[in-house]
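Chemist: below: sequence and its predicted model.
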Amino acid sequence: MNETVKPAVIDDEEFHAAAESVLREGETVADLIDRSARAEVEYRRVQADFVTKGLVGLEEAERTGVWYDAEEVHAELRAKLEKKKAELSQ
């Protein structure tokens, strides 16, 4: 990949002005773009991992014939959430 290529948004005056209008104190447009790009890369990595785990789960269900109803899964998750809430409120 050519690291010297800069994003087109850098030269877009309207975008640049919009970006500058939302900067935090001490932040630059380059900082905003860098942080946004890193967050997008992380989001896509997590999303790909999620899909991979889902496909592995599907293969396992097809292999074993064991399937879980959505209501069962939701009930189990609700129970875990309630247990955690109770632990935190003590």
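Modeler: Perfect, thanks for sending it.

Chemist: from residue 76, how far off is residue 70?
Modeler: 11 Å (C-beta to C-beta, to the nearest Å). The way it works is simple: take the backbone N, C-alpha and C, and place the C-beta from them, glycine included.

Chemist: likewise residue 40?
Modeler: Counting by C-beta to C-beta, the gap from residue 40 to residue 76 is 32 Å.

Chemist: same deal with residue 17?
Modeler: Distance, residue 17 to residue 76, using C-beta to C-beta: 50 Å.

Chemist: swap in residue 32?
Modeler: Taken as C-beta to C-beta, the span from residue 32 to residue 76 is 40 Å.

Chemist: with residue 58 instead?
Modeler: Distance from residue 58 to residue 76, by C-beta to C-beta: 19 Å.

Chemist: following element in sequence after the worst-scoring helix or strand of the chain on mean pLDDT, please.
Modeler: Ranked by mean pLDDT, DSSP states H and E, the weakest helix or strand in the chain is helix 13-21, scoring a mean of 93. Per DSSP states H and E, helix 13-21 leads on to helix 29-64 as the next helix or strand towards the C-terminus.

Chemist: which is the succeeding secondary structure element to that following helix?
Modeler: That would be, after helix 29-64 and using DSSP H and E, helix 70-88.

Chemist: contacts only, for the residue nearest to residue 19 when sequence neighbours are not counted.
Modeler: Once flanking residues are discounted, residue 19 sits nearest to residue 29: 4.7 Å by C-beta to C-beta, 6 or more residues apart in numbering. Each residue near residue 29 by C-beta atoms under 8 Å, 6 or more residues apart in numbering is listed here: 10, 16, 19-20, 23.
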